[in-house]
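**Q** here is my input; please provide its structure:
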Amino acid sequence: ITGSSQSAGQLASCRCILSRSRRSFAARPLVHLSSAPGAKFEGREIGSPYPIVPHETSSALRHIASSTLKPWYAADTSISADDSRYEQSEQGGTCGSILSPDQIECAREVGRITREAADHAVSLLREGVTTDIIDESVHNDIVSRGAYPSLLRYRDFPKSMATNINEVVTLGIPDVRPIEAGDVITVVVACFVDGLHCKVCETTVVGGNELQVEEIPCDSSNRLERSNLLLQTARDALGEAIRESKTGATIGDISSAIQSIAGSRGCRVVKRLSGHGIGAELQCAPYVTNTSRNSDSSTRLEPGMMMSIAPILVEGHSAYAHWSNGFTACTVDGGVGAQFGATVLITEGGTEILTSARS
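**A** A predicted model of the protein is given here:
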């Protein structure tokens, strides 16, 4: 579980979601409080309507054609989850460099493919379907376009997408549990084409009609109303963060925008799970944490930079604990999480959303 005081060394080791999960928490037992009846936070029940527990997942890796261009961690099957190249890329790497005009055109194509793959994933989220089946369909969709699903084999992650259900806030592994009505599900899809990565995060309430935020009281005791408020707030936080992502702005400006929206609606941000640079590497500095106080907060944005902006908001406490699979993390009080994320390109005139929805 995250603490309020960390050493500089610990903070540095926590900058990458995947590296932190795989390296630091692999041996820890499951801590899952929402399964306890009557779990409460600040006097009201928080536990999600369908508490999530680890489920069986298919173990075989999905097939990738030999002709598909793969990122370095997938091209060589002998690479381990603790390979030093992960640390090198996550703490700097080449993805924070300025893209050339040719690379920008490539980034737009990767963004289009990633958006379409994410939209395909969302379209399959319905009651009775398993996330493992959805992962298979999304995998096939991505590889049919000549792309590589970036999450697959990154630090040994076993699936082509992540599915975060209810209180799971990061790296939920698709499994054989049937989706139920009322589940709040975030899909995380990333693609690699011609040397560049893009990533998209989308959250939806299965079987629920979205409500307008102004119709929902912040202290609502209705689960569906709270879920809708959380989703709309997370979506708006991403929008505000993107508006702040322009030439000359700082990482701290983006983080402050996220905090402001979340706080105004009674939601909390998961501060230590962050957005990041993206491009030639799946993730690298600078890191867009959901707090303005971080080592990259003074970094200024320049034209040609690619960023993955993806704030994670929760309805309860922002602390989280990891499952024993070494990847998945859930809120300690069972509060539901939501995340919307996009890959953006910093331009001379503002921001281009590479993964924007197409009409």
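**Q** so where do the helices sit in the stretch 251-359 of the chain?
**A** Under the criterion DSSP state H, counting those that start in this stretch, the stretch 251-359 of the chain contains helices at 251-264.
**Q** ditto for the stretch 51-200 of the chain
**A** 72-75, 84-90, 101-123, 131-144.
**Q** which of the ones you listed sits closest to residue 252?
**A** Among the helices of the stretch 51-200 of the chain, the nearest to residue 252 by C-beta to C-beta is helix 84-90 (20.5 Å). From N, CA and C alone the C-beta is placed, and that goes for glycine too.
**Q** picking that back up, reformat the helices of the stretch 51-200 of the chain as CSV; add distance to residue 191.
**A** Output for those, formatted as CSV (distance: least, C-beta to C-beta, whole Å):
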stretch, distance to residue 191
helix 72-75, 12
helix 84-90, 17
helix 101-123, 4
helix 131-144, 6
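**Q** and those helices, which one's lowest on average pLDDT?
**A** Confidence, taken as mean pLDDT, is least for helix 84-90 of the helices of the stretch 51-200 of the chain (a mean of 86).
**Q** so how far is that helix from its chain's centroid?
**A** How far helix 84-90 lies from its chain's middle: 19 Å, per C-alpha atoms, centre = their mean, to the nearest Å.
**Q** ok, stretch 56-75 next?
**A** For stretch 56-75 - counting by C-alpha atoms, centre = their mean - the centre lies 20 Å from the chain centre.
**Q** tell me the buried residues in that stretch?
**A** Judged by neighbour count (16 or more other C-beta atoms under 10 Å), stretch 56-75 contains these buried residues: 57-58, 62, 64, 68, 70-71, 73-74.
**Q** and the residues you listed, which is the shakiest by pLDDT?
**A** Out of these, that is residue 58, at 73.
**Q** for it, which non-adjacent residue is closest in space?
**A** residue 132 (5.6 Å; C-beta to C-beta, 6 or more residues apart in numbering).
**Q** hang on, the earlier thing: and of the buried residues of stretch 56-75, the nearest to residue 179?
**A** The shortest approach to residue 179 among the buried residues of stretch 56-75 belongs to residue 57, at 14.5 Å (C-beta to C-beta).
**Q** I'd say the closest one and residue 172 touch.
**A** No: applying C-beta atoms under 8 Å, one finds residue 57 not in contact with residue 172, separated by 10.2 Å.
**Q** what's near enough to touch residue 341?
**A** Contact analysis of residue 341 by C-beta atoms under 8 Å, 6 or more residues apart in numbering lists 188, 199-201, 238, 275, 308-311.
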